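Participant: Structure of the sequence below:
(chains A, B and C)
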Amino acid sequence: MSFLEVRGVNKRFGGLQALDDVNLAVEEGTIHAIIGPNGAGKSTLLNCFVGKLIPDTGTVTFDGQSLLGLKPHQVNQVGVSRVFQTPEIFSDLTVMENVIIPCLAKRDGAFTLNGWSSVDAQADIREKAEQMLLDVNMADKRNMQAASLSRGDKRRLEMAMCLSQDPKLLLLDEPTAGMARADTNNTIDLLAEIQEKRKITKVVIEHDMHVVFSLAQKISVLAQGHVIVEDKPENIKGHPKVKEAYLGGAH
Amino acid sequence: MDAIILQILNGLDKGSAYALIALGLTLIFGTLGVVNFAHGALFMIGAFCAVTLSKVLNLYSIVIDPTKTDFLGNPLKVKIPYVVSWFGESAGMAIINWSVPLAIICAIPVMMLVGFAMERGLIKHFYKRPHADQILVTFGLAIVMQEIIKAFYGANPIPTPAPDLFKGSFDFGLMIGFAENTIIYPYWRLIYFVFSALILGLVFAFLQFTTFGMVVRAGMADRETVGLLGINIDRRFTIMFGLAASVAGLAGVMYTPINPPNYHMGMDFLVLSFVVVVVGGMGSLGGAVLAGFLLGVLESFASMNEVKTLLPGIDQIIIYLVAIVILLTRPRGLMGRAGVMEE
Amino acid sequence: MFNKLDSNDRYMMIFFIIMVLAGPIILAPFGAGYPDLLQRFAIFGLFAIGFNILFGLTGYLSFGHAAFLGVGSYSAVWMFKLLTMNVIPALFLSVAVAGVFALAIGYISLRRSGIYFSILTLAFAQMSYNLAYSVLTPITNGETGLQLTLDDPRILDGANATGDIPSTNLFGLTMNSTYKAELLGMTFQFNVGFYFCAIILILGFYTALKIFRSPFGLMLRAIKTNQTRLNYTGLNSRPYTLAAFVISGMYAGMAGGLMAITDPLAGAERMQWTASGEVVLMTILGGAGTLLGPVLGAGFIKYFENIFSKINDNVLHAWFSFMPESIENLLVGVLHFFVGKGWHLTLGIVFMLVVIFMPGGLVEGGNRIYKSLRRRFGNADETQAAE
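Facilitator: Residues are numbered from 1 along each chain as shown, chains lettered A, B, ... in the order given. A predicted model of the protein is given here:
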């Protein structure tokens, strides 16, 4: 059985079949990309992994455990972290605090009424957060308010927050959406760097095909809610079905 | 049966007031995205327009009346309102007597101006601020408005009677085929209901059949797109605010004979009107009206003795109870659209 | 006690303790050194500190916190009536009942956020208020308010020899006893009730400080800034907000209990939504989300309420008597609206100005002044060095 396994997932919104019998198998330690044109159902599929949506039929199994019916925080506690299209960080808090929170969540679980000890006194947490900031080259910004970071740094911080929890699976939702070419390249480099240091299984959702070819070991192409091809990057590039999906139907 | 009809009738006037205030609230929320805690104060200011007009009309000059003498035989000094000396005895007295309906005419421009001033001077700067800030600043404004009224008119309720023609009650039961004296209903309450229905009809017709209304409705549905079309939505929204203020004001003017106005009547109605808006669905005009009447009637049923003996205190909490149940089971309210104020 | 705090916090705590304990001396020259007002400072300060743990940290704006204050007051008075005039059991019951009440209301209200949460809390508070006035009269004594009577059982206190209603006490130390001292032509009043409230206030402040610096407090702040991220970080926001709600409800209950301790009666008007609005005003005015802000805001409002309400036209005339009569009358005529019974008008205007121009409240204002001063002095240092 694969690390993340999606079997026969269907999801309907009113008259729209957003996901149509989706099957997917992600192997441990690899980067698996899901690409497809706009409206192909990529985000819907991702939301089915993280507990935001429940598919009408089908199963989503992660590491032998079903993810269906879990709430977002429970999915995270199982070991799945998520990076959003636009970085979701704690803008009003400092960079350091942003990284401390996921570390605390990892150590103390979904809820702990720890109201009497000081955050500063948690030596293990501080050390871990400090190390994480060093890893992503943000240690000098530790006392900055997260809102004042550049866009690229926000992305970097969000990655750091996810990585600090040592997730088993990292979901990336269009990590380069709306970015300038230089930022996109930076993000690709960051991802490659992370992959080199820690072999975390990743699922990358992308609209831009070029981003994923340099990263992914395997690519699934989604069109109109259906996986049309699942193969290695080199086989995807010239695949007629993929061209058809991107260039538009029967033309 | 007659008891049920009576309770429905009794609920209608309060329901009308709820509906009118809630309509303005939800209009402002839908168009401007602003949660206006000062809307109850606008209702109150409308009521005090009526009070002011009746005071102004009663301004008098003291004249010595040579035809009358007091018990010492001296000529008697009498107070003659200016309107009487200007328009003659019968016309003048009639004008004073009709001060509440007449106040409608002066309340419209006054409330429009108040609305414009509020929107341009204050609310405009809070479009982009969080809802909590909007609540807070309009809450502050409501305090300021009611304290100004208190400073000028005092803290006690000021009785402002309806015209003599509409004083008293009529036997509604007899008219629809029940026995005599089963359903007695005051004239003014009926007038209040008819008046409210008229205003509601006018507002809906305005929104439905004019270009202006179309743009506003489009703006409520999708503000950004309308802005992209190059339509100056801001000016229309200012006018919308003035309109909402007038509707609340008119509701206040006509409410004065039912309950003598005091400076905190706005706050009392505000809390309930917010509940009405939430029950109807934030940003839904039809929902606000429906919920307004529904809650007005429900409140009146809950205050029936039979119900009260069964469930003591229910009349005090029925509206809140309904609101809590609706919010928990149907967060969008009765007729609300998806995605309004949901995180 | 404070060895676990970092140095800044330790200084703040020491400063706070000194200011509170020396309150009767410091405030005497400002005409605020009498027990009744000092007690109100402490009680409303405590109320606002608690409210701030919910609103300041999580951003959930409750418009119903006065309900918990009222419940606390009723509980305390019942304790005085049934068990003993000792204040400790009363205070415990106030906090416990308010906590349970907050748990129930919070559990339901926190299913929604934003404006819906505000309306739900408002609805619950208004329901409690309406019920306290009507059906619950056997418990609340309706409009008259709950008072002590001679024939209350007071099981633990034994027979009442004097024939007067006994006063609240701490193991015999009566709350309304005051020690007066004359110095430099001023009278300083040291009141037992105030010092009892002051100690609770200090403990409450210390608890709030610990919460602010704790992982729990960090999570609450995280809820305010980005709940989505929090959930996807593996944290369940609901129990955090509920805990904050219950804690702030317990603070409110404690404040209500203290109100009954200093003046043993309880009325439904304490639960009205305008009373909830007042604590919102205090917190915002002082600075929501800051530690000292709410206490400052409570002190500010209660102090000026006291001062402004006392000023009448005669006082105003006396102030401006040095001016020509026409100007004097004009000034008095204008200011008349803002003082005495018009105090709420002034409060409303000040509050609006704060929300519009200084959303961080008095604390932010103070910080701005401090920074601009430091910049000025800093520049001066640099120019000196350059010379």
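
Participant: which residues in the stretch 101-250 of chain A form strands?
Facilitator: A:169-173, A:201-206, A:218-223, A:226-231 (DSSP state E, counting those that start in this stretch).

Participant: Select, out of the ones you listed, the one closest to residue B:116.
Facilitator: Proximity to residue B:116 (Cβ to Cβ) singles out strand A:169-173 among these, at 45.2 Å. For the C-beta atoms, the positions are set from N, CA and C on the backbone; glycine is no exception.

Participant: Tell me what angle the closest one forms with strand A:201-206.
Facilitator: Angle, strand A:169-173 to strand A:201-206, by axes from the mean of the first three to the mean of the last three Cα atoms, to 10 degrees: 10 degrees.

Participant: low-confidence ranges in chain C?
Facilitator: Where chain C drops to pLDDT under 70, the residues are C:1-5, C:159-162, C:378-387.

Participant: Excluding chain neighbours, what is closest to the residue of chain A found nearest chain C?
Facilitator: Chain C sits closest to residue A:76 of chain A, with a gap of 3.5 Å, by Cβ to the nearest Cβ. Excluding the flanking residues, the one nearest residue A:76 by Cβ to Cβ, 6 or more residues apart in numbering or on different chains is residue C:234, at 3.5 Å.

Participant: Wait, the one you found touches residue A:167, no?
Facilitator: No. Residue C:234 is beyond contact range of residue A:167, at 9.6 Å (criterion: Cβ atoms under 8 Å).

Participant: Give the intersection of the neighbour lists for these two.
Facilitator: Residues touching both residue C:234 and residue A:167 (Cβ atoms under 8 Å, 6 or more residues apart in numbering or on different chains): residue A:76.

Participant: Tell me where chain B is predicted with low confidence.
Facilitator: B:1, B:223-224, B:226-231, B:337-343.

Participant: Residues of it that sit close to chain C?
Facilitator: When proximity is defined as Cβ under 8 Å from any Cβ of the partner chain, chain B approaches chain C at B:35, B:122, B:125, B:131-133, B:135-137, B:139-144, B:147-148, B:150-151, B:267, B:271, B:274-275, B:278, B:282, B:312-313, B:316-317, B:320-321, B:323-324, B:327-328, B:331, B:341, B:343.

Participant: Filter those down to the buried ones.
Facilitator: B:35, B:122, B:131-133, B:135-137, B:139-144, B:147-148, B:150-151, B:267, B:271, B:274-275, B:278, B:282, B:313, B:316-317, B:320, B:323-324, B:327, B:331, B:341 (16 or more other Cβ atoms under 10 Å in any protein chain shown).

Participant: What segments of the stretch 151-300 of chain B are strands?
Facilitator: B:169-171, B:184-186.

Participant: for these, which one ends up most surrounded?
Facilitator: Most buried of the strands of the stretch 151-300 of chain B, by mean neighbour count (mean count of other Cβ atoms under 10 Å in any protein chain shown): strand B:184-186, with a mean of 18.

Participant: Can you tell me what sits against that one?
Facilitator: B:6, B:9, B:168, B:169, B:170, B:171, B:172, B:173.

Participant: Sheet partners, orientation included, of it?
Facilitator: Take DSSP bridges as the rule and strand B:184-186 pairs in its sheet with strand B:169-171 (antiparallel).

Participant: Flag every buried residue along stretch B:158-173.
Facilitator: In terms of neighbour count (16+ other Cβ under 10 Å), stretch B:158-173 has its buried residues at B:158, B:160, B:162, B:163, B:166, B:172, B:173.

Participant: and if you look at stretch C:152-169?
Facilitator: For stretch C:152-169, the neighbour count (16+ other Cβ under 10 Å) marks C:152, C:154, C:166, C:168, C:169 as buried.

Participant: Can you report how many residues neighbour the nearest residue to the last one once chain neighbours are set aside?
Facilitator: So the one you mean is residue C:169. Spatially, and ignoring its direct neighbours in sequence, residue C:169 is nearest to residue C:85 (5.7 Å; Cβ to Cβ, 6+ apart). Residue C:85: 26 surrounding residues under other Cβ atoms under 10 Å in any protein chain shown.

Participant: which residues touch residue 187?
Facilitator: No chain specified, so I'll use chain A. Contacts for residue A:187 (Cβ under 8 Å, 6+ apart) come out as A:152, A:155, A:175, A:176, A:179.

Participant: You answered for a different chain; I wanted chain C.
Facilitator: Shown in contact with residue C:187 (Cβ under 8 Å, 6+ apart): C:28, C:33, C:180, C:181.

Participant: buried set for the helix or strand hosting it?
Facilitator: If you go by DSSP states H and E, residue C:187 is part of strand C:186-191. Across strand C:186-191, burial judged by 16+ other Cβ under 10 Å covers C:188, C:189, C:190, C:191.

Participant: That strand: partners in the sheet, and parallel or antiparallel?
Facilitator: With DSSP bridges as the test, strand C:186-191 is paired with strand C:178-183 (antiparallel).
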